[in-house]
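S.K.: with the sequence up front, the predicted model follows.
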Amino acid sequence: MATLQQQWFGNIRGDLLAGIVVGLALIPESLAFAFIVGVDPRVALYASFTIAVIISFVGGRPGMISAATGAMALVLVSLMKEHGLQYVLAATIVTGIIQWMLGLLGVARLMRFIPNAVMLGFVNALGIMILMSQLPYLIGSNVATYVFAFVTLGLVYLFPRFIRIIPAPLLAIVIMTSLAWMIGVNMQTIGDLGTMPDTLPVFLWPDIPWTLETLRIILPYSLALAVVGLLESLLTANVLDDLTDTSSDKNREARGQGIANVVNGMFGGMAGCALIGQSVINVQSGGRGRLSTLTAGVFLMVLILVLGDFVASIPMPVLVGVMIMVSFTTFNWGSFRFMKRAPKAEVAVMLVTVAVILATNNLAIGVGVGLVMSALAFVAKTSDISVTGKKGVYYVRGPLFFASTAPFIEAVAALPERSIILRFDDSALWDESAVGAVVKVIDRAKEKGQTIQIEGLNPQSEALYASLQR
Amino acid sequence: MKLAVAIDGSDNAFRAAERAIGLAKLIPSAELHILYVVDFDHATRDHLLSQNDEEVIYKREKHVRPVQGLAEREAVPAHVHWLKGKPSDEIVRFTNEKSIDQLFIGSRGLNTLQEMVFGSVSHQVMKKARCPITIVK
């Protein structure tokens, strides 16, 4: 891994330019995420600023962009609706503490246990939820709203084919906002959602009763936020490792996400995490180091403070158009090929993860159910065992453990010879129930007047067999 | 003489590689550079559709190994280069930087509409690379 100096100043020009591009690109998304949660635009803009700035110092993956995100916004919706902004901020702080502790405990190792079918379900459900969060705004609205939303969507889709330097959503927003202003259509604007920031965020302790009852309310949200934030952040870190041919400290990143969210909550921002799309844009634009992330956060804030009035005049339908595009790019379109080619169990895990998330409106629950399901599928698949051979010599194939003992016992009971040799060259005893099963088939054979000899155990199985068998 | 072939796992790209290797065999001093570009726009998808980093790399290797193997059987000295970025940009950059004498590339076989929307890599490369290019379909 590069030295700290390299991580900051190894790529100054590229980092500054890419940071500016990302800073621009973060604005429309942050606004839209505020819209999803139902908070003032500044809650998301402050979050993006604070998280990006803090994570540039404490994160583990240089060049990764963290800010307010759709995934975190979607978890916060019901907390905001039922308890209000102060609880959202408190939940953000608690989320940070959990993430920091998980980072200390080495949570990155656990990422390897999460099957890609679950991650696929996660991002697909996320894409669908972002899309659905925009629909209420479109359904039953007037023609102008539709026209502006879909023209924006078209522009965002087409611009990258011709112009790659300026982020397409930003270009579309500038054009469509100017257009709305010129032809003078009357539409709801960002400004109608609430106040835009006119100062830097200030330190403010969330105004809530600090009681166990409060903790009981926010803890489930914070746990979900911590899981969702780490999932997306560590996935993004992995992708960036690949794109930049460098490695990164994932546990440091987890701790960094935690610190960033704690500070963020205290400065009036909603919980956030890494953004895959923005991070890829950063690298694509030449950003590699910590300076790019810092620049993105600072530039975003400067722009908002300077151009707040213009931002406030962006028509809502334009933002909806941008978010529909975000939902399309979040959704993994390779999933359809995956569904045709992947093993049925994995496809089922993916679909169940999506279904549970959409049914419960909770990304974390879906991930949990998907995990349990794929663990069970793995056990079922691994428990395949067979006993084959002839003339008294039989080979056990497949691992012998709690899930495969029953078919093993059944198969051995059916062997006809008086003297039997069971060879374990292609098997292994994995746990005490395996040893128990071996002891059991020997005892049963004795009762029937047969003898069974165990041969070909590998050293570990031998040790387990010797220690438990007596 | 430096020959290069850009591959992406498609049949057309493999035929381009066969051409390149066929030509390299005839030129005593020829060396072949095999280019594989990891597309930034597909990186997230690659990771989501694989269990872990090893599988991501394995899937990319699967596209490159057959070409490498063919070069080896034909006794053509070959080097593999893993490039990352936008495919057409990366291929052009490599070709110009390393002063490649002849580039081989497979056409993606898109229809007119698709070419308008997606743009074709071979067309982009053809415009910007400073060496003769053979496009194989």
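M.R.: Thanks, I have the structure now.
S.K.: check the secondary structure at residue A:333 for me.
M.R.: coil (DSSP: H, G, I helix; E, B strand; the rest coil).
S.K.: what's around it, how many residues?
M.R.: 12 (other Cβ atoms under 10 Å in any protein chain shown). To be clear about C-beta, it is placed using only N, CA and C from the backbone, and glycine gets the same treatment.
S.K.: now swap in residue A:298 and tell me
M.R.: So residue A:298, with other Cβ under 10 Å, has 17 neighbours.
S.K.: quick check: it touching residue A:56?
M.R.: No - using Cβ atoms under 8 Å, residue A:298 is not in contact with residue A:56, being 9.3 Å away.
S.K.: and the stretch 201-350 of chain A, which residues reach chain B?
M.R.: A:235, A:238-239, A:241-245, A:276, A:280, A:283-284, A:332-334, A:338 (Cβ under 8 Å from any Cβ of the partner chain).
S.K.: again, only using 7 Å
M.R.: Contact residues, the stretch 201-350 of chain A versus chain B (Cβ under 7 Å from any Cβ of the partner chain): A:235, A:238-239, A:242-243, A:276, A:280, A:283-284, A:332, A:334, A:338.
S.K.: weed out the non-buried ones from those residues.
M.R.: For those, a burial check counting by 16 or more other Cβ atoms under 10 Å in any protein chain shown picks out A:235, A:238-239, A:242-243, A:276, A:280, A:283-284, A:332, A:338.
S.K.: relative to its centroid, which residue of chain B is most remote?
M.R.: Distance to the chain centre peaks in chain B at residue B:51, reaching 25.4 Å (criterion: Cα atoms, centre = their mean).
S.K.: setting the sequence-adjacent residues aside, check what's closest to residue A:373.
M.R.: Leaving aside its chain neighbours, residue A:373 sits nearest to residue A:349 (5.2 Å; criterion: Cβ to Cβ, 6 or more residues apart in numbering or on different chains).
S.K.: chain neighbours aside, what residue packs nearest to the residue farthest from the centre of chain B?
M.R.: residue A:116 (5.3 Å).
S.K.: so what's whatever residue of chain B ends up closest to chain A up against?
M.R.: At 4.7 Å from chain A, residue B:45 is the closest residue in chain B, using Cβ to the nearest Cβ. Listed by Cβ atoms under 7 Å, 6 or more residues apart in numbering or on different chains, the contact partners of residue B:45 are A:332, A:334.
S.K.: rounded mean pLDDT for the helix or strand that contains it, please.
M.R.: Taking DSSP states H and E as the criterion, residue B:45 maps to helix B:40-48. The predicted model assigns helix B:40-48 a mean pLDDT of 88.
S.K.: tell me the buried residues in it?
M.R.: B:40, B:43-48.
S.K.: before we move on, back to that, pick out the lowest-pLDDT one from the buried ones among the residues of the stretch 201-350 of chain A next to chain B.
M.R.: residue A:284 (87).
S.K.: that residue and residue A:243, how far apart?
M.R.: Taking Cβ to Cβ, to the nearest Å as the measure, residue A:284 falls 8 Å from residue A:243.
S.K.: spit out the residues that contact those two alike.
M.R.: Contacts common to residue A:284 and residue A:243, judged by Cβ under 7 Å, 6+ apart, are residue B:40.
S.K.: count the residues that sit near residue A:460.
M.R.: 11.
S.K.: helix/strand/coil for it?
M.R.: Going by three-state DSSP: residue A:460 is helix.
S.K.: quick check: phi and psi on residue B:38?
M.R.: phi -80, psi 110 (degrees, to the nearest 10).
S.K.: and it, how many neighbours does it have?
M.R.: So residue B:38, with other Cβ under 10 Å, has 18 neighbours.
S.K.: which residues touch the closest residue to it other than its chain neighbours?
M.R.: Of all residues beyond its chain neighbours, the one nearest residue B:38 is residue B:84 (4.6 Å), with distances taken as Cβ to Cβ, 6+ apart. Shown in contact with residue B:84 (Cβ under 7 Å, 6+ apart): A:243, B:38, B:40.
S.K.: same thing but at 10 Å, please
M.R.: A:242-245, A:283, B:36-40, B:43, B:90 (Cβ atoms under 10 Å, 6 or more residues apart in numbering or on different chains).
S.K.: where does the residue in the stretch 201-350 of chain A that chain B sits nearest to land on pLDDT?
M.R.: Here the residue of the stretch 201-350 of chain A nearest chain B is residue A:334; by Cβ to the nearest Cβ that distance is 4.7 Å. pLDDT, residue A:334: 87.
S.K.: quick check: it touching residue B:48?
M.R.: Yes - assessed by Cβ atoms under 10 Å, residue A:334 is found in contact with residue B:48 at 7.2 Å.
S.K.: identify the contacts common to the two.
M.R.: Counting by Cβ under 10 Å, 6+ apart, the residues touching both residue A:334 and residue B:48 are residue A:120.
S.K.: so where do the helices sit in chain B?
M.R.: Applying DSSP state H to chain B gives helices spanning B:11-26, B:40-48, B:53-73, B:87-97, B:112-118, B:121-128.
S.K.: what's residue A:202 sitting at in phi/psi?
M.R.: phi -120, psi 160.
S.K.: number of residues surrounding the residue lying closest to it once chain neighbours are set aside?
M.R.: Sequence neighbours aside, residue A:267 is the residue nearest to residue A:202 in space, at 6.9 Å (criterion: Cβ to Cβ, 6+ apart). The number of residues packed near residue A:267 is 20, by other Cβ under 10 Å.
S.K.: low-confidence ranges in chain A?
M.R.: A:1, A:468-470 (pLDDT under 70).
S.K.: what's the biggest strand in it, counting residues?
M.R.: strand A:419-426 (DSSP state E).
S.K.: and residue 122, what does it touch?
M.R.: With no chain named, the answer covers chain A. With Cβ under 10 Å, 6+ apart, residue A:122 has these contacts: A:71, A:114, A:116, A:228, A:231-232, A:235, A:332, A:350, A:353-354, A:357, A:363-364, A:366-367, A:370, B:48.
S.K.: let's do chain B instead
M.R.: Counted by Cβ under 10 Å, 6+ apart, residue B:122 has contacts B:6, B:12, B:16, B:87-88, B:91, B:103, B:105-110, B:133, B:135-137.
S.K.: how about the helices in the stretch 301-450 of chain A?
M.R.: A:316-330, A:335-341, A:344-360, A:363-382, A:405-413, A:432-447 (DSSP state H, counting those that start in this stretch).
S.K.: just these: most buried one?
M.R.: helix A:316-330 (a mean of 24; mean count of other Cβ atoms under 10 Å in any protein chain shown).
S.K.: that one to helix B:40-48, inter-axis angle?
M.R.: Between the axes of helix A:316-330 and helix B:40-48, defined by axes from the mean of the first three to the mean of the last three Cα atoms, to 10 degrees, the angle is 60 degrees.
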